[in-house]
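A.B. asks: Need coordinates for the following:
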Amino acid sequence: MAERKVLSKYFPPDFNPSLIVRTRGPKQVGPKVQTVRLMAPFPMKCTACGEYIYKGRKFNARKETTEERYYSIPIYRFYIRCTRCSGEITFKTDPRNMDYVSERGAKRNTEPWRMNGGGKQESDEERLDRLEREEEEKNAMQELETKTLDAKREMAVADALDEIRTRNARNERVGKDGLEVTVVRESIDEERQRQEQEDDEAARLAFMKRYEAMEEIVVDDEDDDQEAALEMPPPSFKRVKKKKKDHAAALGIKKKPSLV
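C.D. replies: Numbers count the residues shown, from 1 in each chain. As a prediction, this is how the structure comes out:
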C-alpha cells in the first residue's frame, strides 16, 4: 500500500542532509513555459519524414504563452515531437477562427476557414458577407412564406380587377342610337327581397289551388251521403226475441221428457 502511494523514500547510505542548501535561482525571463498533456487538435503530416499524425493522438507538450493577443485573448504555442523521427512540431491557437494554426515541422491536411474563401485568407468584411449569404440561403422557409404572400396578393389584385371589369360591363351598355346609357343596377338586397316576394306569391297561389280542389272533393262526398240516406228504408222499432242457447246440450246433459 505504501509503495503504491509512494510514501516511502529511499535514502542511500552516504546521504548527508546538511549538504542540501536552499538556493534562490534567477527569475524566469521570457515567455512562460509549462509541460502539459494534450491531443493533436487537427490531422497533420510531418515535413521531415512524412509521418501522418491523426487528430486526437496524445502528446506530452510544452505550452508557451506568447506576447501576441487577439483583442484581450492570449495566444498559446505548443511544442510536440514527431512519433517517427522526433522532429519538433509547433502550432499555436487561433482565437479568430476558433481553431489552431500549424507553424513549423508539420503541415496541416485541411484548413476549414480557408476552404470557404477559395484558398485565400478572408478579411472581416468578407467573412461577414459570406455569413450573411449563408444565413439567407439557410432561411428558405422565410423565403417560401414571402413567395406565398406575394402570390396571394397577386391573386387578390387579379380578382379585384375582374370584379371592376364585370361591374363596368354591366353598368355601361350601348343603346339603339349608339349613345351610352347607364343602367342603374339594383342592389343585392333588393334583388334578394324581390325574389323572396315572388317565391311567396307562387307558394300562396299553389296552396289556394290545392285548397279549392279539396273543397270540391268534400262537397261531392256530402252529396253522395245525402243520396244514400234518402235511398235507405225507414228504421223499424219492433221487438225481436232472441233464441236461447241450450247450454245443457253443449255439456252432454239430456233432459227427461215431461210426462204431461
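A.B. asks: What segments of the chain are helices?
C.D. replies: Assignment of helices within the chain using DSSP state H yields the ranges 2-5, 112-115, 124-138, 140-171, 188-231, 247-251.
A.B. asks: ok and the third one relative to helix 140-171, angle-wise?
C.D. replies: Okay, so that is helix 124-138. Between helix 124-138 and helix 140-171, the angle comes out at 60 degrees (axes from the mean of the first three to the mean of the last three Cα atoms, to 10 degrees).
A.B. asks: Give me the buried positions along helix 124-138.
C.D. replies: residue 127 (16 or more other Cβ atoms under 10 Å). Every residue, glycine included, has its C-beta placed from N, CA and C.
A.B. asks: Quick one: list the elements packing against it.
C.D. replies: For helix 124-138, there is no helix or strand it packs on, judged by 3 or more Cβ pairs under 8 Å, 6 or more residues apart in numbering; DSSP states H and E.
A.B. asks: how about 10 Å then?
C.D. replies: Helix 124-138 sits against helix 140-171, with contacts defined as 3 or more Cβ pairs under 10 Å, 6 or more residues apart in numbering; DSSP states H and E.
A.B. asks: Show me which residues of the helix it packs on are buried.
C.D. replies: Within helix 140-171, judged by 16+ other Cβ under 10 Å, no residue is buried.
A.B. asks: again with stretch 39-47
C.D. replies: Across stretch 39-47, burial judged by 16+ other Cβ under 10 Å covers 40, 42, 44, 46.
A.B. asks: would you list those residues in a markdown table and tack on distance to residue 131 and pLDDT?
C.D. replies: Conversion of the buried residues of stretch 39-47 to a markdown table gives the following (distance: Cβ to Cβ, whole Å; pLDDT from 0 to 100):
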| residue | distance to residue 131 | pLDDT |
| --- | --- | --- |
| 40 | 28 | 94 |
| 42 | 22 | 92 |
| 44 | 28 | 93 |
| 46 | 35 | 94 |
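A.B. asks: among those residues, which two are most distant?
C.D. replies: Maximum pairwise distance among the buried residues of stretch 39-47 (Cβ to Cβ): 13.5 Å, between 42 and 46.
A.B. asks: Give me the common contacts of the two.
C.D. replies: Shared contacts of residue 42 and residue 46 (Cβ atoms under 10 Å, 6 or more residues apart in numbering): 53, 106.
A.B. asks: can you count the residues close to residue 83?
C.D. replies: 14 (other Cβ atoms under 10 Å).
A.B. asks: how about low-confidence regions in the stretch 1-150 of the chain?
C.D. replies: 1-6, 111-122 (pLDDT under 70).
A.B. asks: go again using 50 as the cut-off
C.D. replies: 119 (pLDDT under 50).
A.B. asks: still on that earlier bit, take the helices of the chain and lay them out in JSON lines including distance to residue 11.
C.D. replies: Putting those into JSON lines (distance: least, Cβ to Cβ, whole Å) gives the following:
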{"stretch": "helix 2-5", "distance to residue 11": "15"}
{"stretch": "helix 112-115", "distance to residue 11": "56"}
{"stretch": "helix 124-138", "distance to residue 11": "63"}
{"stretch": "helix 140-171", "distance to residue 11": "76"}
{"stretch": "helix 188-231", "distance to residue 11": "115"}
{"stretch": "helix 247-251", "distance to residue 11": "147"}
